[in-house]
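Asks: here are the coordinates; sequence isn't available:
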DNA sequence: TGATTTTTGCCAAATATGTGACATAGTAGA
DNA sequence: TCTACTATGTCACATATTTGGCAAAAATCA
């Protein structure tokens, strides 16, 4: 890592901020604090931290609301948010994750745990790229050149076949329902029979081999890796 | 949010209803009140609220019973239920959770807290999307990949089996009545024999192992964690 | 114990998908 | 223009898998 990661702590208890700050600075992070949601929001946009540690229960704007505003604004796409919560607040956990938070850390906070969680979260930030060339299993898909290699053997795919493969590997492992496939490849208006997808899948399988595309009956298809 | 969320308050103290109503209406919610469980049930089905605030201690039908009846009927799948409880009633917390409640709000009620909890709960309703990946015991359920892992052993489930498991773990520990399961998985119209669920449960148990799904005779099934 | 409910093994019906043969349309090259 | 070729889509039928159901056995409750 080339620069000191920046962390913003938002909590209405000054003591907590101080303790966290002390521990994190010891690990060479750059730390700032804010004592309520409004101040936190402002500082988030000015300071552009890599990570925000956010207490849920706060006056004025609560942590969840603040998180939502940050995530919705889209202005800090690379900032991770972790909630600080009291134990036994299972419900808030769920809401917190739904608001777009990336993790939560239970109070009372144990410094060791805190540090390792923080580091783990920052590692996640580091890699976030989408590429024109995807390698998966022994396949290489080049979205720009419109070509697919198995090992270094080129496989020529027809357009629909390529689109289909491309869709499936856009989220390897994810199951795509037939409906989703129709909508994404044929568009919502085109009307084709329901055997059509099977046929294309079959042709793909003929060219690629049997061990890439898996059928889940009644559910859809997925690329297996 | 496009429409005014509807809230039903059920409490045997008129004062409480009035105070809550006043505060919630100020926030632009549509509020109704009922003074006992029976009336509450009736109004719940007629009014179809987004959220029910439910006192636990009530004459005739208590709050927990009322909650159970609503959740078991499966007819108001999108209605959240929050209990109003006096502090230090931990034991009721557990029962209340198992009855399917979604949150608790402690009395005495502080309007600020009330409002923010209510908003949080409604946010949950709106964004129906739950986490794609759930970990529980040694199981990992990935809703996107439509797959289940026990440790790192993949277990392949058929659609209905997956749906069933998914329902059960959506509230671990909660007892799902057969009726609720029917309504949620088959929908209110489909007609299948009442041994059908058992059969699917069996197949799930065959695949997962015996220690996950517990039968409560005459009541229903639950996922034990 | 008897009554009720659930589990289980076995099987049948319903459904979804795979496959081969074929129709159509578009395209490139002669 | 014609021909040969390919991509796409369709159909009918074969197959595989899932789902639902019954009845006997087992478990549980009262």
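Replies: Received it, and whenever you're ready, just let me know what you need. Owing to the predicted nature of the structure, the values given are computational and were not obtained by experimental measurement.
Asks: tell me the mean pLDDT for the helix or strand where residue A:160 lies?
Replies: In the assignment (DSSP states H and E), residue A:160 maps to helix A:159-170. Mean per-residue pLDDT for helix A:159-170: 90.
Asks: ok, that helix near chain B or not?
Replies: No: between helix A:159-170 and chain B, judged by C-beta under 8 Å from any C-beta of the partner chain, nothing touches; the nearest distance is 12.2 Å. Heads up, the C-betas are built off the backbone N, CA and C, glycines and all.
Asks: Beyond that helix, next helix or strand please.
Replies: Sequence order places helix A:178-181 as the next helix or strand after helix A:159-170, per DSSP H and E.
Asks: burial count for the residue nearest to residue A:82 when sequence neighbours are not counted?
Replies: Spatially, and ignoring its direct neighbours in sequence, residue A:82 is nearest to residue A:103 (4.3 Å; C-beta to C-beta, 6 or more residues apart in numbering or on different chains). Neighbours of residue A:103 under the rule other C-beta atoms under 10 Å in any protein chain shown: 17.
Asks: so who does residue A:103 touch?
Replies: Taking C-beta atoms under 8 Å, 6 or more residues apart in numbering or on different chains, we find residue A:103 in contact with A:80, A:81, A:82, A:83, A:117, A:121.
Asks: got the contact list for residue A:111?
Replies: A:19, A:23.
Asks: rewinding a little: can you list the contacts of residue A:103 in TSV and add secondary structure and pLDDT?
Replies: Shown next, in TSV, are those (DSSP: H, G, I helix; E, B strand; the rest coil; pLDDT from 0 to 100):
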residue	secondary structure	pLDDT
A:80	strand	85
A:81	strand	86
A:82	strand	85
A:83	strand	82
A:117	helix	81
A:121	helix	77
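Asks: you'd agree residue A:57 is up against residue A:66?
Replies: No: judged on C-beta atoms under 8 Å, residue A:57 makes no contact with residue A:66 at a distance of 11.8 Å.
Asks: tell me which parts of chain A are close to DNA strand C?
Replies: A:178, A:195, A:198-199, A:201-202, A:205, A:215-220 (C-beta under 7 Å from any atom of the strand).
Asks: can you give me the strands for chain A?
Replies: Per DSSP state E, chain A carries strands over the ranges A:6-10, A:30-34, A:51-55, A:80-86, A:103-107, A:133-136, A:139-142, A:147-150, A:153-155, A:213-216, A:220-223.
Asks: Just checking the last one against DNA strand D, any contact.
Replies: No: judged by C-beta under 7 Å from any atom of the strand, strand A:220-223 stays clear of DNA strand D, getting no closer than 12.6 Å.
Asks: Tell me if that strand is near chain B.
Replies: Yes: counting by C-beta under 8 Å from any C-beta, chain B is contacted by strand A:220-223 at A:220, A:222.
Asks: Report all helices and strands that that strand contacts.
Replies: Strand A:220-223 is packed against helix A:159-170, helix A:178-181, strand A:213-216, with contacts defined by 3 or more C-beta pairs under 8 Å, 6 or more residues apart in numbering or on different chains; DSSP states H and E.
Asks: Tell me which of the ones you listed sits most buried.
Replies: Highest mean neighbour count among those (mean count of other C-beta atoms under 10 Å in any protein chain shown): helix A:159-170, with a mean of 18.
Asks: Quick one: distance of that helix to the chain centre.
Replies: Distance of helix A:159-170 from its chain centroid, counting by C-alpha atoms, centre = their mean, to the nearest Å, is 22 Å.
Asks: check contacts around residue A:157.
Replies: The contact partners of residue A:157, by C-beta under 8 Å, 6+ apart, come to A:147, A:148, A:165, A:204, A:207.
Asks: Lovely, talk soon.
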